[in-house]
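S.K.: quick one, structure for this:
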Amino acid sequence: MIIGLDPTSGPVDRTSERTLAPRRTTLDGAVVGIVANGLGQGERMFDFLLEELGAPAVLGKPIRVRKGSVSVPPEPDDWHRLTTEATVAVTGFGG
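M.R.: Residues are numbered from 1 along each chain as shown. Alright, predicted model coming up:
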């Protein structure tokens, strides 16, 4: 299940019982999905992020997605790869 958080939607409903997802003891083998919007130095920033994450671990090959525009979601094939193959995905805003 994927949960999107919208900071404009108001407070989070905390009445339901939620538990933390299980944490990995190591990032070895983790596949990081990268979603870039193509602006500024965003992709370079992600390169540095991967270096930092990979310093104490041996990461799997990252899944790199470059969106067609800042105002559109990833293409359906890219979204499928991210949601089925990545351990975690990150996105950022370059500008």
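S.K.: got the phi and psi for the residue of the chain most remote from its centre?
M.R.: Here the centre of the chain is the reference, and by C-alpha atoms, centre = their mean the most remote residue is residue 15, at 27.1 Å. The phi/psi pair for residue 15 (degrees, to the nearest 10) reads phi -80, psi -20.
S.K.: before we move on, what about residue 65?
M.R.: Dihedral angles (degrees, to the nearest 10) for residue 65: phi -130, psi 130.
S.K.: the top helix by length along the chain packs against which elements?
M.R.: As assigned by DSSP state H, the longest helix anywhere in the chain is helix 42-54. Counting contacts by 3 or more C-beta pairs under 8 Å, 6 or more residues apart in numbering; DSSP states H and E, helix 42-54 packs against strand 32-36. Glycine gets a C-beta too; all of them are placed from N, C-alpha and C.
S.K.: helix 42-54 and the strand it packs on, what's the angle between them?
M.R.: Relative orientation of strand 32-36 versus helix 42-54 (axes from the mean of the first three to the mean of the last three C-alpha atoms, to 10 degrees): 160 degrees.
S.K.: ok, and what's touching strand 32-36?
M.R.: 42-43, 46, 49-50, 53, 59-60, 62-67, 74, 78, 81-82, 85-92, 94 (C-beta atoms under 8 Å, 6 or more residues apart in numbering).
S.K.: got it, and stretch 14-23?
M.R.: Taking contacts as C-beta under 8 Å, 6+ apart, no residue outside stretch 14-23 touches it.
S.K.: measure that stretch end to end?
M.R.: 21 Å (C-alpha to C-alpha, to the nearest Å).
S.K.: quick one: the residue farthest from the centre of the chain from residue 1, how far?
M.R.: For residue 15, the distance to residue 1 equals 18 Å [C-beta to C-beta, to the nearest Å].
S.K.: the closest residue to residue 49 other than its chain neighbours bridge partners, please.
M.R.: Computed as C-beta to C-beta, 6 or more residues apart in numbering, the closest residue to residue 49 that is not its neighbour in sequence is residue 90, at 7.0 Å. Legend: beta-bridge partners of residue 90 under DSSP bridges are residue 34.
S.K.: thanks a lot, see you next time.
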